[in-house]
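S.K.: sequence unknown, structure follows:
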C-alpha cells in the first residue's frame, strides 16, 4: 500500500528520520564507524582509508555536481550512512549502499524507507534510469529485502571482494525507472527527502 511522501517531520511520538549531507566535522565519526569490525563484515568493499585520505575524499566530494553521501539521523542523532556510488552519467545509472552503525537499526522498515528514498532521488530528481545494489551472497537478509521491493537479480560476481584474507562472492540486483513506476505507480510512497 502506498502512502503519501513524508517530510522528515516527526508526527506525534514517531521518531524523526532525516538524511543530510556529510559535514567536515563528521569525518572522524565516519572513520570510526567504517573501521569497526561490524562495518567490515557487512560492507562489500574495502573501507580502509587513512583519516587524511578521508578528508581528501571529503574535499573532492564537495566539488561534485550533486550530493552523493548522507548521514542518516534519528531525532538528530547520527545512526548510519547512505550513499549513491559508481555513478555513470553517460548511461544514467548508479549504485546505492547504506550502513547502519548499530545493527539493531537495520530493520526491514528502515531499509525499505532508505531504498524508496534513493529511488525517488535517483529517478525523479537526478533523472537516472537504473540503480544497482551489491551485497555479499551470504547476506541473504539484504538480498531478500531488495527482491521483495521488486529488484531484479542481475547475477553474481564470483570471488569479487578480498576481505580479511578471504574472497567473497557479490550478488548484484537492480531497479530501473520503469520497474519503479510499476512498484510505486502513484509515486506516493513514503520517502525521506535527501538534503
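M.R.: Sure, I can see it. Treat the numbers as computed from the prediction; the structure is a model and nothing was measured.
S.K.: quick one: residue 137 from residue 101, how far?
M.R.: Spatial separation of residue 137 from residue 101 under the definition Cβ to Cβ, to the nearest Å is 24 Å. For every residue, glycine as well, the C-beta is placed using N, CA and C.
S.K.: these two touch, right, residue 110 and residue 100?
M.R.: Yes: counting by Cβ atoms under 8 Å, a contact exists between residue 110 and residue 100, whose distance comes to 7.1 Å.
S.K.: and these two? which has more neighbours close in?
M.R.: residue 100 (21 against 17; other Cβ atoms under 10 Å).
S.K.: show me where this protein has its helices.
M.R.: Shown for the chain, the helices assigned by DSSP state H span residues 27-35, 37-42, 51-62, 108-119, 140-148, 177-183.
S.K.: can you list the ones you listed in JSON lines and add mean pLDDT and distance to residue 77?
M.R.: Shown next, in JSON lines, are those (pLDDT from 0 to 100; distance: least, Cβ to Cβ, whole Å):
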{"stretch": "helix 27-35", "mean pLDDT": "83", "distance to residue 77": "11"}
{"stretch": "helix 37-42", "mean pLDDT": "57", "distance to residue 77": "17"}
{"stretch": "helix 51-62", "mean pLDDT": "75", "distance to residue 77": "21"}
{"stretch": "helix 108-119", "mean pLDDT": "94", "distance to residue 77": "14"}
{"stretch": "helix 140-148", "mean pLDDT": "93", "distance to residue 77": "23"}
{"stretch": "helix 177-183", "mean pLDDT": "93", "distance to residue 77": "30"}
